[in-house]
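Chemist: Sequence and predicted structure are below.
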Amino acid sequence: MSYIDEVIAQVIRENPAEPEFHQAVREVLDSLRVIVDRNEAAMRRVALLERLVNPERQIKFRVSWTDDSGQVRVNTGYRVQFNSAIGPFKGGLRLHPSVNLGIIKFLGFEQVFKNSLTGLPIGGAKGGSDFDPKGKSDREVMDFCQSFMTELCKYIGEDTDVPAGDIGTGAREIGFLFGQYKRITGSFEGGVLTGKGLSYGGSLARREATGYGLLYITRQLLRTRGLELADKTVSVSGAGNVAIYAIEKAQQLGAKVVTCSDSNGWIYDPEGIDLAALKTIKEVRRQRLTAYTDFRPNAEYHSGRGVWQVPVDIALPCATQNELTLDDARALKANGVLAVAEGANMPSTREATDYFLENGVLFLPGKAANAGGVATSALEMSQNSERRPWSFETVDHKLEDIMIRLFANIDEAARTYGLEGNYVAGANIAGFERVRAAMNAQGII
Ligand code: NDP
């Protein structure tokens, strides 16, 4: 059995009931065969792959909090510090009822390669809880966040591990988490969390960064094929942070976005999504998407899934993992899609990804396409160290530059190994090479 197959088998054996983690490891290691096969003996000797797939540290803890009726509730908190070879651990906190250790491990593993691709000094981590902020009062969310941080604060720090937002963790939650960290440690350590509010050390353009970065890299991809975003029709899934700012930048670049979704249903607006209405519903009122047709009576609301059945030129999945299946991929292709770029983490199933690669659909994986968020978090850390905020334009230009360079790197890595146009392989290889060099330089740890 090859070294890679042995390690995949070991991951499955030692981490049972963690299918998303298996999926992420398999996808990355499959693309590294071209490197590992050439260096197998040396890599085996230092157990490089075993160290790569085993997190440096995993923390699991109880989070007790009190609801508005006075009832005590208990959730589980996680922080998986995956790899710090190239910098302090860095990665978001997900608050969603589906969260379990396997999901946090898949996200942490992906984060290692994504952070490496940004070219910035940040290692990979992820955390979160099965707490659901939806439908909770501000006081309940604060109580949860304070309890969560009371444990987490023992393991983080601006040079150690720097958490950020993710699904369910937005500006409100980051504010409560930061306040509690400051209260416990007695120090204003700005760089310990990113995604902070602008009044206390946050970065302009961080809120927009993942969505904007997704569009910058998609535009770059299209340009290599002599295409432009202007006048293209786009479908987006999700209606959260990534989706909203992907829609905003797509519209600014002249594209027409006709869909968005939440976990209950989806919108088809043939005249183009009304962004102001969407922001009011999701950012101000925290409502469900059913409210959209109050603003736009001609739009259609459908319950369940269906975004990928709409004919478009470009598809941008921005909701959650495994939301785009093989059937969806076939429908997109049959309807003439040119490109798919992942705003979410691993939104396409492995079968869907393979289908795109084998059927001539341009495909950018999430670890490259959504890296603008964490890259801008690293820019927030720079501003915190410097104690000086940068303008929106400065951050936005740096973000655009990072995404253009990132695309060039993954394109080059794919070509180097004879896999031209395969950006899944390109991203995994380019992300891995930097981490491997740092791990080798630092000895056996
Ligand atoms: P938000 O919580 O702001 O929004 C998530 C959106 O996806 C919501 O519309 C939500 O609908 C929908 N959604 C969540 N879970 C499901 C599900 N199981 N089925 C269907 N829809 C679902 O999160 P973000 O926008 O921040 O994150 C979206 C994705 O992007 C995630 O994969 C995240 O890991 C990734 N990402 C985020 C970054 C960031 O900077 N925020 C950076 C890089 C990646 P509902 O409200 O109904 O639950």
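Modeler: That came through, no problem.

Chemist: where's residue 342 relative to residue 237, distance?
Modeler: Separation of residue 342 from residue 237 (C-beta to C-beta, to the nearest Å) stands at 10 Å. The way it works is simple: take the backbone N, C-alpha and C, and place the C-beta from them, glycine included.

Chemist: Actually, residue 40.
Modeler: Taken as C-beta to C-beta, the span from residue 40 to residue 237 is 40 Å.

Chemist: who's more crowded, those two?
Modeler: Taking neighbours as other C-beta atoms under 10 Å, residue 40 and residue 237 compare with residue 237 leading, 28 against 15.

Chemist: Quick one, grab the pLDDT at the more buried one.
Modeler: Per-residue confidence at residue 237 stands at 98 (pLDDT).

Chemist: For the stretch 201-350 of the chain, what lies in contact range of the ligand?
Modeler: The stretch 201-350 of the chain has residues 210, 238-243, 262-264, 318-320, 323, 343-345 near the ligand, with proximity defined as C-beta under 6 Å from any ligand atom.

Chemist: Now intersect the residues you listed with the helices, please.
Modeler: Secondary structure from DSSP state H places 210, 241-243 of those in helices.

Chemist: residues touching the residue in the stretch 51-200 of the chain positioned nearest to the ligand, list them.
Modeler: Among residues of the stretch 51-200 of the chain, the one nearest the ligand by C-beta to the nearest ligand atom turns out to be residue 167. It sits 4.0 Å away. Taking C-beta atoms under 8 Å, 6 or more residues apart in numbering as the contact definition, residue 167 lies against 94-96, 240, 320.

Chemist: Going by neighbour count, which of these comes out on top?
Modeler: The member of the contacts of residue 167 that has the most neighbours, counting by other C-beta under 10 Å, is residue 95 with 28 neighbours.

Chemist: which residues touch that one?
Modeler: Residues in contact with residue 95, defined by C-beta under 8 Å, 6+ apart, are 128-129, 131-133, 166-169, 173.

Chemist: Could you pull up phi and psi at the nearest residue to it once chain neighbours are set aside?
Modeler: In space, residue 95 comes closest to residue 168 once its chain neighbours are excluded; the distance is 3.3 Å by C-beta to C-beta, 6 or more residues apart in numbering. Backbone geometry at residue 168, expressed as degrees, to the nearest 10, gives phi 80, psi -10.

Chemist: all helices of the stretch 301-445 of the chain, in order?
Modeler: When assigned using DSSP state H, counting those that start in this stretch, the helices of the stretch 301-445 of the chain occupy the ranges 326-334, 350-358, 366-369, 372-386, 392-416, 423-441.

Chemist: swap in the stretch 51-200 of the chain?
Modeler: Remark: helices assigned in the stretch 51-200 of the chain by DSSP H, counting those that start in this stretch are 101-117, 138-152, 171-185.

Chemist: which stretch among those comes nearest residue 61?
Modeler: Distance to residue 61, taken as C-beta to C-beta, is lowest for helix 138-152 among the helices of the stretch 51-200 of the chain, at 4.5 Å.

Chemist: other SSEs contacting that closest one?
Modeler: Using 3 or more C-beta pairs under 8 Å, 6 or more residues apart in numbering; DSSP states H and E as the contact criterion, the neighbours of helix 138-152 among helices and strands are strand 57-66, strand 72-83, strand 124-129, helix 171-185.

Chemist: Tell me how many other residues crowd residue 186.
Modeler: Residue 186 has 7 neighbouring residues, counting by other C-beta under 10 Å.

Chemist: Sorry, slip of the keys, the one I care about is residue 322.
Modeler: Each residue near residue 322 was counted by other C-beta under 10 Å, and the total is 16.

Chemist: Likewise for residue 284?
Modeler: For residue 284, using other C-beta under 10 Å, the count is 8.

Chemist: Could you tell me how far it is located from residue 96?
Modeler: In this structure, residue 284 lies at 21 Å from residue 96, with C-beta to C-beta as the measure.

Chemist: could you measure residue 163 against residue 274, distance?
Modeler: With distances defined as C-beta to C-beta, the gap from residue 163 to residue 274 amounts to 33 Å.

Chemist: more neighbours, the two?
Modeler: Using other C-beta under 10 Å as the criterion, residue 163 and residue 274 rank with residue 163 on top: 28 against 17.

Chemist: hang on, isn't the more buried one packed against residue 91?
Modeler: Yes: using C-beta atoms under 8 Å, residue 163 is in contact with residue 91, at 7.0 Å.

Chemist: Residues in contact with both of those two, list them for me.
Modeler: In the contact map built from C-beta under 8 Å, 6+ apart, the residues linked to both residue 163 and residue 91 are 125, 127.

Chemist: need the ones in helices among the residues of the stretch 201-350 of the chain next to the ligand in a markdown table with neighbour count and pLDDT, can you?
Modeler: Rendered in a markdown table, the data for those read as follows (neighbours: other C-beta atoms under 10 Å; pLDDT from 0 to 100):
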| residue | neighbour count | pLDDT |
| --- | --- | --- |
| 210 | 29 | 98 |
| 241 | 26 | 96 |
| 242 | 30 | 98 |
| 243 | 29 | 98 |
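
Chemist: Now tabulate these in TSV and tack on distance to residue 407.
Modeler: Listed next are these as TSV, based on distance: C-beta to C-beta, whole Å:
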residue	distance to residue 407
210	16
241	22
242	18
243	21
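
Chemist: In the stretch 151-300 of the chain, what residue lies closest to the ligand?
Modeler: residue 240 (1.7 Å).

Chemist: Enumerate every residue touching that residue.
Modeler: With contacts defined as C-beta under 8 Å, 6+ apart, residue 240 is in contact with 167, 262, 282, 318-319.

Chemist: same deal with residue 161?
Modeler: With contacts defined as C-beta under 8 Å, 6+ apart, the neighbours of residue 161 are 79, 81, 88-90, 125, 155.

Chemist: Quick check: chain neighbours aside, which residue is closest to it?
Modeler: Taking C-beta to C-beta, 6+ apart, and ignoring the residues beside it in sequence, residue 161 has residue 89 as its nearest neighbour in space, at 3.8 Å.
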